[in-house]
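> below is the structure, and that's it, no one-letter string:
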DNA sequence: TCTGGGGTCCTAGGACCC
DNA sequence: TCTGGGGTCCTAGGACCC
């Protein structure tokens, strides 16, 4: 049995923890660059505000109903997420962190819980403890497969007992499947939903009642087949448990990551070579830090430049250039050299770009594969490792990006005042870094 | 004027190589 | 007339998830 714990409206909950007066008021959180709505409180949903809606289109409505607007504050959300997972891992060591606001618990190990009642009560205790220790509300769905646990979770708030729903028997999950539209099933996205509805397959149960080979044939091969089995109570999605390391960070137990990226939209289009270089160097530094945090090094550096995605026309809006390294690296200076080389190959003078980024792939554990004919001598590698450790240490202690490459440009103007670069994205409504920034700690007066 | 970012897996054509 | 086949890399795009 699996339990899915989902923090409903997680970003809104995080903001409300530090602004309790917003309880009961409509609240929304915007994506990076204040682009669109990515989280809504129930009151905001009731106003008809939709997920992913462009901010500039709904701004009048937000003002009319005095909706509180936040720019996204991932420093805060990431830290709150870590606290929630810490509580969850006190209930079972078998935790899989699926996203910033969801985690699966493997209840199969809890052999002493054989009766439905007991599992239900256990789920309720998980939920109450998370709420007590972090102030974050959750729902819990429990079922024999991840896909059915997801379904149980979605229905827990309205059809569960104290926010927990158990779907243990085929009769129970079939009744639930019959009561949901097919597009709410995990693994059925916009395109498949359209196709299924056109064929009259409108509920989850109708989909589950199609033959297994039909899903294999028409819904992405083995992906569709797995979906069919999951809907029939046969678990066939992988279990990727997480482990805590010495520094209290959670990592998947086996290194499954295939790539690491950092891309951003600019506040306004950029065509200047110097500005683009600074942006790419900055994104490289951020992504390289992530590589080192995961203990991996990259062989391939892909530079990404994007023009206006919404401009009419059919020409490609995304341009990429791949630079391969003779030996894998997680050193910011080495990776930035490669990225700037890629940028030079990619950039067309006079073209205005609205976003840029880097992608690292061909990953392998750090310190491996460096014995090649052309790799740097051991002494250089050791020096590079020490330098990066010092850099990460300083940035962790004194604030992100305090120590940086010259290529990233300066964050201060001639008078020494902190000033965002010309290419910075918009973030007009960000709340303070209550829990992770020395200058922004929560004040209780 | 204004429409996110980070992932996974899969497909497909063209260049290039042997 | 007839003009291979298999492999890799690059680039772009489509589907899904959060």
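Right, received. Where do you want to start? Keep in mind that this is a model prediction, so the values were computed, not measured.
> residue ranges with poor pLDDT in the stretch 251-400 of chain A?
Residues of the stretch 251-400 of chain A meeting the criterion pLDDT under 70: A:251-255, A:369-377, A:399-400.
> ok, 90 please
For the stretch 251-400 of chain A, the stretches with pLDDT under 90 are A:251-257, A:293-295, A:309-317, A:326-327, A:350, A:364-400.
> tell me which residues of stretch A:232-249 come out buried.
The neighbour-count check on stretch A:232-249 (16 or more other CB atoms under 10 Å) flags A:232-233, A:235, A:237, A:242 as buried. Where C-beta positions appear, they are placed from N, C-alpha and C, glycine not excepted.
> report the rounded mean pLDDT for it.
The pLDDT scores in stretch A:232-249 average 80.
> that stretch near DNA strand B at all?
No: Stretch A:232-249 does not reach DNA strand B (CB under 7 Å from any atom of the strand); its nearest approach is 9.2 Å.
> from the buried residues of stretch A:232-249, which is closest to DNA strand C?
residue A:237 (11.1 Å; CB to the nearest atom of the strand).
> wait, doesn't the closest one sit right on residue A:146?
Yes: at 4.8 Å, residue A:237 counts as touching residue A:146 under the criterion of CB atoms under 8 Å.
> can you list the strands that the helix or strand hosting residue A:97 pairs with?
Assigned by DSSP states H and E, residue A:97 belongs to strand A:95-99. Paired neighbours of strand A:95-99 in the sheet (DSSP bridges): strand A:102-106 (antiparallel).
> the partner strand and DNA strand B, are they touching?
No: under the criterion of CB under 7 Å from any atom of the strand, strand A:102-106 makes no contact with DNA strand B; the nearest approach is 11.5 Å.
> list the contacts of that strand.
By CB atoms under 8 Å, 6 or more residues apart in numbering, the surrounding residues in contact with strand A:102-106 are A:2-7, A:84-85, A:88, A:91-92, A:94-98, A:126, A:146, A:149, A:239, A:241.
> whichever of the residues you listed end up buried, select them in PyMOL.
Buried residues within those, by 16+ other CB under 10 Å, are selected in PyMOL with:
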select buried, chain A and resi 2+3+4+5+6+7+84+85+88+91+92+94+95+96+97+98+126+146+149
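> just how off-centre is stretch A:169-184 within its chain?
Centroid separation for stretch A:169-184 versus its chain: 28 Å, with CA atoms, centre = their mean, to the nearest Å.
> buried residues in it, which are they?
So stretch A:169-184, judged by 16+ other CB under 10 Å, has buried residues A:172-174, A:176-177, A:180, A:182, A:184.
> okay, now the residue in the stretch 151-300 of chain A positioned nearest to DNA strand C: neighbour count?
Nearest residue of the stretch 151-300 of chain A to DNA strand C: residue A:189, at 2.2 Å (CB to the nearest atom of the strand). Using other CB atoms under 10 Å, residue A:189 is surrounded by 10 other residues.
> pLDDT score assigned to it?
So, for residue A:189, pLDDT stands at 92.
> please apply the same query to residue A:113.
56.
> likewise for residue A:52?
Per-residue pLDDT puts residue A:52 at 92.
> the one 3 residues further on now?
In this model, residue A:55 is scored at 95, pLDDT.
> hmm, back to that, what distance separates the strand holding residue A:97 from the middle of the whole chain?
11 Å.
> is it positioned near DNA strand C?
Yes: for strand A:95-99, a contact with DNA strand C is found by CB under 7 Å from any atom of the strand, at A:98-99.
> for the record, mean pLDDT for that strand?
Taken as a whole, strand A:95-99 has an average pLDDT of 92.
> farthest pair within the buried residues of stretch A:169-184?
A:172 and A:182 (18.9 Å; CB to CB).
> next, give phi and psi for the residue in the stretch 101-250 of chain A that DNA strand B sits nearest to.
Closest contact between the stretch 101-250 of chain A and DNA strand B, by CB to the nearest atom of the strand, is at residue A:221 (6.0 Å). Dihedral pair for residue A:221: phi 70, psi -130, per degrees, to the nearest 10.
> what is the neighbour count of it?
With other CB under 10 Å as criterion, residue A:221 counts 11.
> what of residue A:218?
Counted by other CB under 10 Å, the residues lying close to residue A:218 total 14.
> got it, and residue A:74?
Close neighbours of residue A:74, defined as other CB under 10 Å, add up to 13.
> I'd like the distance between it and residue A:29.
10 Å (CB to CB, to the nearest Å).
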